[in-house]
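# quick one, fold the following:
(chains A and B)
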Amino acid sequence: MALTKYADYATQIADYFIPPAIAADREAKKRARIFLYSHLFGPFIGSAVPLAVFAFDSAADYKAGLLLASILSFWLFPFVLKYTSAYRTLAFLSIQTLIFAILWSCYCYGGVRSPTLAWALNIPLLSFLYIGPSSRLRLALAAQFVVSALLFFAANQFFEPPPLTMSPIAIEALGLVSTVAAALYVVMMALFYANALASQVELKAEIEGHLRTTADFVSATESARRSSAAKAEFIAKMSHELRTPLNAVIGYSEILLDEAETEDDAQSAADLKRIHGAGVHLLKLVNEILDLSRIEAGRMETLTELVDCGDLLRSVAGRFEEAARMNDDKVIVDAPVGVVLVDAAKLSQVIEQLLENAIAFTKQGEVRITAERIPCGESERLSICVADTGCGIPPERLEGFLDRLETVEEADGRQEGGAGVGLLLSKRLCELIGGTLSLESAPGQGTRAKVDLVIPADALERADLGATRLGAVAAQMRRAEAEAKEGQGDAKVAVG
Amino acid sequence: MQKLLLVEDNEANRDMLSRRLIRQNFEVVCAVDGPSGVAAAQREKPDLILMDVALGAMDGWEATRQIKAASETASIPVIALTAHALESDRAKSVSVGCADFDTKPVDLRRLLQKINACLEAR
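The predicted structure is shown next:
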């Protein structure tokens, strides 16, 4: 266990020198780690050889010094790697330095019989660990070995090796130190290699990385949730703040209008009507914008209930009697669809908007509201159509008409702002209650606005049940009424 | 003349709605918060109560609950006035025993229909 801990420390030191470009690739990172282990800790072991020369040879000179310098130069490699990321070049350069150090020591201290020759075994071991599985690089390495060996052979031929100045016993002692150091070096590399293979550091780092990502994600989600909650809070507050003064504008102008009409003050009455109308219009806009924001913040509630669709449509149409009369329009409701399970409040709001538009764009015409139930697989569609005989919408404006907040020119050429907000809201409301809103129109051919709601199968069953129940209640009431009448009749007879 | 109790904390709203209701030939008494609304209901025995629900410390829902809990005022119909036309408000108005609910700003014609319906039902 203790060994693993030290190995983990060594890994941390090595990782300090690994540049980000290499750390990103797990295999490259592993190789760089082995490279760094050998360069960081190898010189401690390797330098034992020149130091032993200095210790045993009283005539030791620049030759031992050059050997020591070449071994210590390995400590430069980690720094160069950290700041250049040129791993491959450094690996080849490092192998070349190693070959030089080993061959140099052999050349100086006894040629092929040199006690330092054992180190040559480390050359292929290290170099193949450094470069990884690429066969092209392996071939290059092999070429490097051959060229180095040839150069060494040539140097031996042309330059007489220096005479040995050490005693035979000193040579044997150097051989012992060198062999033990080489063995230690191999053991160290083997241990590091085994550790690198089994290392949990990588896995831990990866898990930590994932945990960090998860934490970031959670905090981002949380902040999004908070900002959405803040938005909803703002909307709720604004809703109150905007309505309160509007309340006063609408209410007081209504009181004054009432007084002006009682006192036959036509001019004031006309002005007050404008103030009142503007207040009502503004309130409608405010409500629509607040509703839109509420839908976007996901704070719009829905509530389905059992309603008689025809009743609902007739009641909405009833609110437009006066507007229709002013435009000389005929409003017809034809909706023999019975009881349905829908969000009645939202549906009313949508139909109200469609009807308002239809009447506004139609003079001396007809607005027809129809509804039908269309079987659709397991479920059923409720299709409601508001069709007018008005001026219609030109094709170039029909595209995306529901999504635009634009000024709409009314039938009499008057510019009416804000109609677009209502239509956009209607579309969103339809989507909210599980339906769609679409428009069909052509200039001079009127406009058909269609609301399509999908009613799920289980809702249908409940609606049927509800219809039965409503029917039963109605029947019961009729019976009770009839009985009451009979009772009265009986009583009369009795009295009579 | 029918007597209405209007519980509303906003001065302008209270003044305006009471004047409009008086013009419609109602006798109107006002209360400015929840506790005084409950007390006024006991004292005045109105024919109907219009209850603003956003009243500060004791809200209109709680005041309505107390009015419905007291035997001498339990039968007085209460119409809740809310700022939002939310389904949760409607559900809540039913749960505390309101006869009906309407949204502010008040549409006088619609409110009068509701008031008259409640008074007729009594």
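# count the neighbours of the closest residue to A:Gly365 other than its chain neighbours for me.
Ranked by CB to CB, 6 or more residues apart in numbering or on different chains and with sequence neighbours excluded, the top spatial neighbour of A:Gly365 is A:Thr389, at 3.7 Å. Using the backbone N, CA and C atoms, a C-beta is placed for each residue, glycine as well. For A:Thr389, the neighbour count with other CB atoms under 10 Å in any protein chain shown is 20.
# tell me the pLDDT at A:Thr389?
With respect to pLDDT, A:Thr389 has a value of 91.
# which bits of chain B sit near chain A?
Chain B comes close to chain A at residues B:10, B:12-13, B:16-17, B:19-20, B:23, B:54, B:83-88, B:90-91, B:104-106, B:108, as judged by CB under 8 Å from any CB of the partner chain.
# of the residues you listed, buried ones?
B:10, B:13, B:16-17, B:19-20, B:54, B:83-84, B:86-87, B:90, B:104-106, B:108 (16 or more other CB atoms under 10 Å in any protein chain shown).
# how close does B:Ile67 sit to B:Pro105?
B:Ile67 sits 24 Å away from B:Pro105, going by CB to CB, to the nearest Å.
# what helix or strand does A:Ala371 sit in?
Assigning secondary structure by DSSP states H and E places A:Ala371 in strand A:366-376.
# for the helix or strand following that strand, name the packing helices and strands.
Counting by DSSP H and E, the next helix or strand C-terminal to strand A:366-376 is strand A:379-388. The helices and strands touching strand A:379-388, judged by 3 or more CB pairs under 8 Å, 6 or more residues apart in numbering or on different chains; DSSP states H and E, are helix A:309-318, helix A:344-360, strand A:366-376, strand A:447-455, helix A:457-495.
# now the next helix or strand after strand A:379-388 - C-alpha only, PDB.
Next along the chain after strand A:379-388, taking DSSP H and E as the criterion, comes helix A:395-398. Output of helix A:395-398 as PDB, limited to C-alpha atoms (Å, rounded to 0.1, in the frame of the first residue of the first chain):
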ATOM      1  CA  PRO A 395     -51.500  35.200 -48.900                       C
ATOM      2  CA  GLU A 396     -48.200  37.100 -48.300                       C
ATOM      3  CA  ARG A 397     -49.400  38.100 -44.900                       C
ATOM      4  CA  LEU A 398     -51.100  34.800 -44.000                       C
END
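# tell me the phi and psi of A:Pro118?
Not Pro; residue A:118 is Ala. The phi and psi torsions at A:Ala118 (degrees, to the nearest 10) take the values phi -50, psi -30.
# the residue nearest to it when sequence neighbours are not counted sits in which helix or strand?
Nearest residue to A:Ala118, sequence neighbours excluded (CB to CB, 6+ apart): A:Ala182, at 4.6 Å. In this assignment (DSSP H and E), A:Ala182 forms part of helix A:168-198.
# next helix or strand past that helix?
With DSSP H and E, the next secondary element past helix A:168-198 is helix A:201-262.
# close to chain B, is that following helix?
Yes - remark: helix A:201-262 sits within contact range of chain B at A:236, A:239-240, A:243-244, A:246-248, A:250-252, A:254-255, A:258, by CB under 8 Å from any CB.
# for A:Gly444, state which of these is nearest.
A:Ile250 (37.8 Å; CB to CB).
# show me the contacts for that closest one.
A:276, A:279-280, A:283, B:105 (CB atoms under 8 Å, 6 or more residues apart in numbering or on different chains).
# before we move on, the earlier item: ok, the residue nearest to A:Gly365 touching A:Gly446?
Yes - assessed by CB atoms under 8 Å, A:Thr389 is found in contact with A:Gly446 at 4.5 Å.
# just checking, next helix/strand downstream of the helix or strand of chain A with the lowest mean pLDDT?
Lowest on mean pLDDT, DSSP states H and E among the helices and strands of chain A sits strand A:415-416, with a mean of 46. Going down the chain from strand A:415-416, the next helix or strand is helix A:419-432, by DSSP H and E.
# okay, the angle between whatever helix or strand comes next after that following helix and strand A:447-455?
Scanning forward in sequence from helix A:419-432 by DSSP H and E, the next helix or strand is strand A:435-441. If you take axes from the mean of the first three to the mean of the last three CA atoms, to 10 degrees, strand A:435-441 sits at 160 degrees to strand A:447-455.
# what's the spatially most central residue of chain B sitting at in phi/psi?
Geometric centre of chain B, nearest residue: B:Leu50, 1.4 Å, by CA atoms, centre = their mean. Here is the backbone geometry of B:Leu50 (degrees, to the nearest 10): phi -100, psi 120.
# apart from its neighbours in sequence, what residue is nearest it?
Closest to B:Leu50 by CB to CB, 6+ apart is B:Leu6, at 4.8 Å.
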